[in-house]
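K.L.:
structure for the following, please:
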Amino acid sequence: MKKALAAVLGAGILMTAGPGSAATPLERRVATLQKQVTTLQKQVKTLQKQSKDNEEVGLSSLGLAICLTAVTGDSFQGTWSAVNQVAGRSVFPAAAVTLNDRGICNALRVPRQSTTAPTIAPFSALLALLGPAALLESMVAAP
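P.N.:
Here you go, the predicted model:
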């Protein structure tokens, strides 16, 4: 009788414990959540890189816009000065005002013009920054 009781209790314990490799519902849920966390961590890393890239593009665009505005102002000033010289009188405001680009054009290696007759050089330098290679790279990188 003791042997039979021991056999029944042993079978009962084995039935409630289940196979040794089977995970409990909690363990399966934790494993699923761990996979989700790993996936989300990869997504966050990708989004952080994209955000940094977008910030760099935005700041670069702002720098180009500031320099372009300053160079355009220089061209207007030079044109007005040349027209005044040819006319022999002040057709346009005589006082030249240099726009402050905060050193951005210098950092971009774009020459600023004085009040002499304007040239295309500063505009060419700006366009060179956006040359075909840079333009193609930005189009390929765009999602």
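K.L.:
off-centre distance for the lengthiest helix in the chain?
P.N.:
Longest helix of the chain, by residue count under DSSP state H: helix 25-87. Distance, stretch centre to chain centre, for helix 25-87: 4 Å (Cα atoms, centre = their mean, to the nearest Å).
K.L.:
just checking, what packs against the helix or strand that it is followed by?
P.N.:
Counting by DSSP states H and E, the next helix or strand C-terminal to helix 25-87 is helix 104-107. Packed against helix 104-107, as judged by 3 or more Cβ pairs under 8 Å, 6 or more residues apart in numbering; DSSP states H and E, are the following elements: helix 25-87. For glycine as for every other residue, the C-beta is placed from the backbone atoms N, C-alpha and C.
K.L.:
for the record, mean pLDDT for the helix it packs on?
P.N.:
Helix 25-87 comes out with an average pLDDT of 92.
K.L.:
that helix packs against which elements?
P.N.:
helix 104-107, helix 121-129.
K.L.:
list the buried residues in the longest one.
P.N.:
It refers to helix 121-129. Buried positions in helix 121-129, judged by neighbour count with 16 or more other Cβ atoms under 10 Å: P122, A125, L126.
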